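[1] sharing a model prediction with you, sequence too.
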Amino acid sequence: MSSEGSIKVAELFAGVGGFRLALDGYNNPNHPEFKKPYAGPFQTVWANQWEPPGTVSKQFAWRCYEKRFGEGSCVNEDISKVLDEHEAGTREIPDVEMVVGGFPCQDYSVAKPLSLAGGIEGKKGTLWWDIYRFLDLKEPKYVLLENVDRLLKSPASQRGRDFAIMLSCFANLGYSVEWRDINSAEYGFDQRRKRVYIYAEKNAGRWNLDESIEHGVISSAFPVKDLSEKASFDLDHDPYEITQSFGKGLKKSPFGVCGAMQEFSVLTCNATEDFRGEKGQLGNIIIPAAEVPASFYIPSEKVPNWQYLKGSKREKRIDKKTGYEYYYSEGSMAFPDLLENPSRTILTGEGGSGASRFKHVILTEDGRYRRLTPDELDQLQYFPKGWTDIGMTDGQRAFCMGNALVVGIPHLIGIEIAKRKKSQS
């Protein structure tokens, strides 16, 4: 694809390249087994992936990114250091029209009010502030971010405070915002995975917030119905004031699963998914038995341990330090996982042969139990089969997929972004 007229993208916290795969597609002649349609005229021109503390052994996701997209396609350094050098004029970062990334849900509290010299100052080392710095420096037109659904209600002591800080920061930079808490299984994908997607647009023109919730970029890709519990409120212009007071005393976050914000005015609500397609199934991604290594089968003598961990229990336990006696309870989980249903959410600890309550286990046609293979985990996230097969361990491949996103979600959002850009040009 020619770069002329393309939407140039920077991918932050890139992992193994989920956003790039979703937007640019993948058609590398060196890897002809991987073919993906692209969402539109997107071209990722800069990416960053770095796993603390920076040791070589921890950089396996970056090595996968470079293997798939080419040597030099991704900067493997601490993003804070990279931005420091860019501000100092010693490192070049290209201008981009769009920034994308998935990042951890952290404490986004603000250390200084805007009135003090230096402006907004967050806690050093929390990744939202690196995104904020990047947006402030490069001023991209579009932003698409992914985060855990906990973001809308954290922290417990001030429900919704962290997301309110983010929205206020966006507004201070001139962005209007849509967000949605999307469960991929409710839109036909093979995995149940709830994540918040945040779309922001700089200098977007006047928005009708109701229209943005019902027919905006995200809801055009993932329609909703039965909007309920609508609420509107204004955010403080200073994230420091939000840090001090937002959400105090609330048992429930004011942010619903849908919402829009412009010029510090918020409209939010809850809703249900409006999807009429086929339901996804774990069975859709199961590979042939001949491709499953023997190590993924659970020895018969160890099956009872897996059954115990996944079963319901109420047990008397004693705290080793205090001697306090208490009862530990937990409900049962499906054992084995049902192939006719969407899978449970993949976690970073999915790899390894040890018994676990949270790893997936399926029953094979010959009556044996086995874990999911890395190739199957790749496909549950809608990466091509074998995407992470670059010499990583089983545990490393599982870690990458536990941290990844369902590629089809930003792909469909990207299609809507490209449509609207074309209609406006």
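    Thanks, I have it.
[2] on the three-state scheme, the residue of the chain positioned farthest from its centre is what?
    Largest separation from the mean C-alpha position in the chain: residue 323, at 40.7 Å (CA atoms, centre = their mean). The local conformation at residue 323, judged by DSSP: H, G, I helix; E, B strand; the rest coil, is coil.
[3] measure it to residue 252 for me?
    37 Å (CB to CB, to the nearest Å). In this view, the C-beta of every residue, glycine as well, is placed from N, C-alpha and C.
[4] just residue 25 next, same as before
    Following CB to CB, the distance that separates residue 25 from residue 252 is 41 Å.
[5] compare those two (neighbour count), which wins?
    residue 25 (18 against 11; other CB atoms under 10 Å).
[6] that one against residue 40, yeah?
    No - Residue 25 lies out of contact with residue 40 (CB atoms under 8 Å); the separation is 9.5 Å.
[7] how about the strands in the stretch 1-150 of the chain?
    Using DSSP state E, counting those that start in this stretch, the strands of the stretch 1-150 of the chain run over residues 7-12, 42-47, 98-102, 110-112, 121-122, 142-148.
[8] right, and those - which one's nearest residue 199?
    strand 142-148 (5.6 Å; CB to CB).
[9] give the rounded mean pLDDT of that closest one.
    For strand 142-148, the mean pLDDT works out to 97.
[10] leaving out chain neighbours, which residue sits closest to the residue nearest the centre of the chain?
    Nearest to the mean C-alpha position of the chain, counting by CA atoms, centre = their mean, stands residue 146 at 3.9 Å. Leaving aside its sequence neighbours, residue 146 sits nearest to residue 102 (CB to CB, 6 or more residues apart in numbering; 4.0 Å).
[11] quick one: that neighbour and residue 144 touch, right?
    No - taking contacts as CB under 8 Å, residue 102 lies outside contact range of residue 144: 9.8 Å.
[12] what about the helix of greatest length in the chain, average pLDDT?
    Taking DSSP state H as the criterion, the chain has its longest helix at helix 408-424. Averaged across helix 408-424, pLDDT comes to 93.
[13] same thing with stretch 85-103?
    Throughout stretch 85-103, pLDDT has a mean value of 97.
[14] what count of nearby residues applies to residue 97?
    19.
[15] against residue 404, how distant is it?
    24 Å.
[16] again, but for residue 335
    25 Å.
[17] using CSV, write out every CA atom in the strand or helix carrying residue 164.
    If you go by DSSP states H and E, residue 164 is part of helix 161-172. The C-alpha trace of helix 161-172 is given here as CSV (Å, rounded to 0.1, in the frame of the first residue of the first chain):
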residue,chain,number,x,y,z
ARG,A,161,-11.4,8.9,39.7
ASP,A,162,-8.7,7.5,37.4
PHE,A,163,-10.9,7.6,34.3
ALA,A,164,-12.1,11.1,35.2
ILE,A,165,-8.5,12.2,35.4
MET,A,166,-7.9,10.7,31.9
LEU,A,167,-10.9,12.4,30.4
SER,A,168,-9.9,15.8,31.9
CYS,A,169,-6.4,15.4,30.5
PHE,A,170,-7.9,14.6,27.0
ALA,A,171,-10.2,17.7,27.3
ASN,A,172,-7.2,19.9,28.3
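[18] how far does that helix sit from its chain's centre?
    Between the centre of helix 161-172 and the centre of its chain there are 18 Å (CA atoms, centre = their mean, to the nearest Å).
[19] just the mean pLDDT for that helix, thanks.
    96.
[20] after that helix, which helix or strand is next?
    strand 175-183.
[21] pairing partners for that following strand, with directions?
    Under the criterion DSSP bridges, strand 175-183 sits next to strand 194-202 (antiparallel), strand 258-262 (antiparallel) in its sheet.
[22] contacts for stretch 65-72?
    Residues from elsewhere that reach stretch 65-72 (CB atoms under 8 Å, 6 or more residues apart in numbering): 14-17, 20, 26, 28, 31, 34, 44, 47, 49, 73-74, 387, 390.
[23] buried only: go through the residues you listed for me.
    Burial by neighbour count, 16 or more other CB atoms under 10 Å: within these this picks out 14-17, 20, 26, 34, 44, 47, 49, 73-74, 387, 390.
[24] need those residues in a markdown table (columns: pLDDT).
    A markdown table is the format used below for the buried ones among the contacts of stretch 65-72 (pLDDT from 0 to 100):
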| residue | pLDDT |
| --- | --- |
| 14 | 98 |
| 15 | 97 |
| 16 | 97 |
| 17 | 96 |
| 20 | 95 |
| 26 | 71 |
| 34 | 62 |
| 44 | 96 |
| 47 | 98 |
| 49 | 98 |
| 73 | 97 |
| 74 | 98 |
| 387 | 95 |
| 390 | 97 |
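[25] out of those, name the ones that lie in helices.
    residue 20.
[26] still on that earlier bit, for the residue nearest to the centre of the chain, name its beta-bridge partners.
    So, taking DSSP bridges as the rule, residue 146 has residue 102, residue 197 as bridge partners.
[27] surely it touches residue 193?
    No - Residue 146 is not in contact with residue 193 according to CB under 8 Å; the separation is 10.3 Å.
[28] common neighbours of those two, please.
    In contact with both residue 146 and residue 193: residue 405, using CB under 8 Å, 6+ apart.
[29] run through the residues that contact residue 158.
    246-248, 250.
[30] could you measure from it over to residue 244?
    Per CB to CB, residue 158 is found 9 Å from residue 244.
[31] and what of residue 65?
    Going from residue 65 to residue 244 by CB to CB gives 40 Å.
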